[in-house]
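> After the sequence you'll find the predicted model.
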Amino acid sequence: VKAEKTVFSAILSFAYFTVKDRLPTILTKVIDTIHRNKNKFFEEYGEEGIQAEKQTISLLSKMRNELQTDKPILALTDGLQDTESWNQYLQRHQGLHGDQESVSWFKSPWLYVECYMYRRIQEALWLNPPISDYDVFNEGKTQSFFESQQAVMTLCTYLEGINKGREELSKNQLLEHFNKLLLVSLWGNKCDLSISAGQENSQKTSPIDSLSSLQPFILVDDSNMVWSTLISAQRPGQSGKITAGRVDIVLDNAGFELVTDLVLADFLVSSGLAREIHFHGKSIPWFVSDVTANDFQWTIRQTMAANHKWMSKSGVQWQSYLKEGVWSYNDHPFWTQPHEFCDMATDAPDLYATLQGADLLLFKGDLNYRKLTGDREWDHTVGFDSALRGFGPAPLCSLRTLKANVQVGLQLGQGEKLTSQDPDWMTSGKYAIIQFYSPKSKQ
Ligand SMILES: O=P(O)(O)OC[C@H]1O[C@](O)(CO)[C@@H](O)[C@@H]1O
Ligand SMILES: [Mn+2]
């Protein structure tokens with residue numbers, strides 16, 4: 001099966017609008033954030049901080065101009081761990097096209113250009129050492145966490161209810177809770193800040209009560225396969241006691257979505273459905289709201305410190321899972337590169353091997369889906385397995401609300417019907433999928 005990468009050939013396409021409007025808006029906000037923090041940089045680093053602020057802004061404005069005037073994509077110059085790999089990727093593209101000019105902001109695959117912009121923001125900061133570690137998206141992520149406080153409290157109270165009565169839970173009740181928390185984590189993905197170009201986008205209503213009204217918007221629901229994967233990973237251990245499998249969660253956004261993932265992870269461990277959870281986050285600030293190590297720790301500390309009994313209890317539990325090694329947080333430079341996941345086995349064999357150790361991989365969010373499927377213009381009826389093109393270190397499931405022009409594994413006619421009823425169905429974030437694939441079931 002063949003499909004073209006999403007590019008900007010179609011003027012007026014979603015990809016085109018992203019690069020033309022959304023990315024410059026995000027960049028302008030980044031510049032503004034750095035400027036607003038000028039005094040902070042002065043207090044911390046004196047005159048050097050001011051110089052760094054000016055220099056960074058000038059590099060970012062230069063990049064915004066390159067973007068808006070469709071200039072060629074430039075090689076990175078910051079000599080970081082992944083610089084070489086980014087530059088090789090660029091050279092490969094230039095080689096494919098035969099000249100350097102043709103690899104430009106509007107003439108390259110959307111996925112590549114979008115990832116590249118976030119990496120260039122990082123470069124601008126890295127070239128100005130006193131402020132290299134400054135996370136330009138931190139304010140937005142923090143704000144979105146605080147704005148969803150009410151929903152977080154509701155969720156932690158729900159979790160406490162399950163944990164308190166867990167000894168008496170029947171298998172059916174366990175399945176019911178599992179389904180609910182999987183859905184909460186799925187819809188948590190609505191709250192990213194990239195689709196709204198950094199505009200406030202937090203969870204305001206009760207995440208549990210909204211579930212049934214959202215059900216009709218789930219286009220693919222393989223949750224039963226996720227459940228059976230967890231059940232079949234349970235094995236009798238040495239002492240005859242059942243031990244469960246390892247679940248890896250490839251995280252997406254900080255704020256409310258991260259809390260929904262932590263609550264799901266807590267439930268999986270406390271109910272005995274999983275033995276261990278490995279979280280995977282980003283090593284640099286990414287796509288406005290994605291989780292970094294700092295966001296991960298900060299969120300757990302804030303949850304612990306909350307003035308709400310069940311919220312702080314949850315936070316304390318999460319901290320001890322981390323301390324005991326039941327939970328772990330990892331990052332790898334591959335997650336912040338433009339590569340499709342079918343390249344992982346060759347381009348990041350160590351990460352691929354790590355993922356092979358899991359019994360189940362949960363991929364959160366839209367960007368992960370674009371990378372799973374190579375962000376191509378697949379027919380909607382093409383199988384998920386075909387779109388993965390050999391990627392499958394372990395059984396995996398994408399939990400994603402649709403925010404980009406790619407969707408596979410639909411029923412015949414389902415895509416056409418959606419297009420006629422709701423032309424924006426692929427990009428509005430209103431629809432979602434729970435889409436599963438297992439390399440074991442491959443013929
Ligand atoms: O946080 P998520 O779910 O990956 O969404 C981010 C998405 O937002 C966008 O910026 C909107 O198109 C996409 O590039 C990206 O896929
Ligand atoms: Mn994201």
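Done, it's in. Ligands and ions are numbered 1, 2, ... in the order given.

> Which residue ranges of the stretch 301-443 of the chain form helices?
Using DSSP state H, counting those that start in this stretch, the helices of the stretch 301-443 of the chain run over 309-324, 344-347, 349-356, 366-372, 384-388, 414-421.

> any chance of those in JSON lines, plus mean neighbour count and distance to ligand 1?
C-betas here are computed from N, CA, C, even on glycine. Below are these laid out as JSON lines (neighbours: other C-beta atoms under 10 Å; distance: least, C-beta to the nearest ligand atom, whole Å):
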{"stretch": "helix 309-324", "mean neighbour count": "17", "distance to ligand 1": "22"}
{"stretch": "helix 344-347", "mean neighbour count": "16", "distance to ligand 1": "17"}
{"stretch": "helix 349-356", "mean neighbour count": "15", "distance to ligand 1": "18"}
{"stretch": "helix 366-372", "mean neighbour count": "24", "distance to ligand 1": "3"}
{"stretch": "helix 384-388", "mean neighbour count": "20", "distance to ligand 1": "16"}
{"stretch": "helix 414-421", "mean neighbour count": "13", "distance to ligand 1": "18"}
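
> so which of these comes closest to residue 235?
helix 349-356 (17.5 Å; C-beta to C-beta).

> just checking, what packs against that closest one?
Here helix 349-356 touches helix 344-347, going by 3 or more C-beta pairs under 8 Å, 6 or more residues apart in numbering; DSSP states H and E.

> and the helix it packs on, how far out from the chain's middle?
Helix 344-347 sits 19 Å away from the centroid of its parent chain (C-alpha atoms, centre = their mean, to the nearest Å).

> Report all helices and strands that it contacts.
Partner elements for helix 344-347 (3+ C-beta pairs under 8 Å, 6+ apart): helix 349-356.

> Run through who's touching the helix it packs on.
Outside helix 349-356, the residues that touch it by C-beta atoms under 8 Å, 6 or more residues apart in numbering are 248, 278, 330, 332, 334, 344-345, 361, 393-394.

> hmm, 7 Å instead?
Residues outside helix 349-356 that contact it (C-beta atoms under 7 Å, 6 or more residues apart in numbering): 248, 332, 334, 344-345, 361, 393-394.

> And stretch 274-284, by the same measure?
By C-beta under 7 Å, 6+ apart, stretch 274-284 touches 122, 230, 243-251, 265, 268-269, 290-293, 296, 326-331, 333, 335-336, 358.

> Over it, what's the mean pLDDT, rounded is fine.
In this model, stretch 274-284 carries a mean pLDDT of 98.

> Stretch 144-153 too?
Stretch 144-153 comes out at a mean pLDDT of 93.

> Next: stretch 178-189.
96.

> Quickly check: it near ligand 2 or not.
No. On the criterion C-beta under 5 Å from the ion, stretch 178-189 is out of touch with ligand 2, staying 8.1 Å away.
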